[in-house]
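A.B. asks: Build me a model from this:
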Amino acid sequence: MELKPSGTEPDARPLADRRRWTLNRPAFESLLSSIDADPERAAQHYERLRQRLIIFFSGRRCPDPEERADDTLDRISRRIDEGEQIHDVTRFAYGVARLVLSESVKAVRRRDRLLTWFATSNHPAVSEDRRALGSDGAVECLRHCTNHLSPEDRDLILRYYESAGRDQQEERRQLAARLDVSPVALRLRAFRIRRALETCTRACLAAQAGRP
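C.D. replies: Predicted coordinates for the structure are as follows:
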């Protein structure tokens, strides 16, 4: 990794492997003070940096570029909040942004594989309506419903159905280990999320078909 201004690499751990952290005022103020000692100059530089990150993600056709820019800045805030000394926030931010972009691309690929499988399978939630609307309508509804899951649930269900065949069991075992849960607990969580997706998809397909 080329950008290591503080001596360590940006946080490359996937969403499911990072403990929950929420941006708070002290962490945000620490980020600003790391940018510039003068609060007004720091705020101006922060806004310019955020806009440059939005342009960075938009230029690479990344979904939700504003959200990705905020995610990048939040990750930097967390690193500072945990004691990291970052001497060049702008330079460091582009290293984090590349990681966020890479994660986003991989997540889209996983989501599309899941949606294709889900929409062409014999799931009772979509099979009957799909015959009337076609698989494209089912995929669009599934994409809508998947995007409305919490980040943790979306990451879990996409990873759960990421692989197939002989690799699937091993991938799910590794996923359970990363989440520090048993394979049974993982299967139950995936079942709960899938049921929520099925319910949402049924409602979406019914709305497309003009049914109450």
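A.B. asks: burial of the closest residue in space to residue 173 that isn't next to it in sequence, as a residue count?
C.D. replies: Using CB to CB, 6 or more residues apart in numbering and skipping the chain neighbours, the partner closest in space to residue 173 is residue 183 (6.3 Å). (C-beta placed from N, C-alpha, C; glycine too.) The local packing of residue 183 (other CB atoms under 10 Å) involves 13 other residues.
A.B. asks: Check residue 182 too.
C.D. replies: Residue 182: 11 surrounding residues under other CB under 10 Å.
A.B. asks: i'd like the first residue to be 758 from this point on
C.D. replies: With the count now opening at 758, the last piece we talked about shows up as residue 939.
A.B. asks: any idea which residue of this structure is furthest from its center?
C.D. replies: residue 795 (33.6 Å; CA atoms, centre = their mean).
A.B. asks: for that one, phi and psi?
C.D. replies: When read as degrees, to the nearest 10, the backbone of residue 795 gives phi -80, psi 120.
A.B. asks: Need the per-residue pLDDT for it.
C.D. replies: Looking at residue 795, its pLDDT stands at 94.
A.B. asks: so who does it touch?
C.D. replies: Residue 795 makes contact with no residue under the criterion CB atoms under 8 Å, 6 or more residues apart in numbering.
A.B. asks: same deal with residue 838?
C.D. replies: 778, 783-784, 787.
A.B. asks: Quick check: the gap between it and residue 790.
C.D. replies: Between residue 838 and residue 790 the computed distance is 12 Å (CB to CB, to the nearest Å).
A.B. asks: what's the answer for residue 851, then?
C.D. replies: 20 Å.
A.B. asks: Comparing the two, which residue is more hemmed in?
C.D. replies: Just comparing residue 851 and residue 790: by other CB under 10 Å the higher neighbour count belongs to residue 851, 16 against 13.
A.B. asks: Is the closest residue to residue 916 other than its chain neighbours within a helix or a strand, and which one?
C.D. replies: Computed as CB to CB, 6+ apart, the closest residue to residue 916 that is not its neighbour in sequence is residue 932, at 5.4 Å. Following DSSP states H and E, the helix or strand that holds residue 932 is helix 923-936.
A.B. asks: I'd like the distance from the helix or strand following that helix to the chain centre, please.
C.D. replies: Next helix or strand after helix 923-936 toward the C-terminus (DSSP H and E): helix 940-965. Mean-position distance between helix 940-965 and its chain equals 18 Å (CA atoms, centre = their mean, to the nearest Å).
A.B. asks: now swap in stretch 832-842 and tell me
C.D. replies: That offset, for stretch 832-842, works out to 20 Å (CA atoms, centre = their mean).
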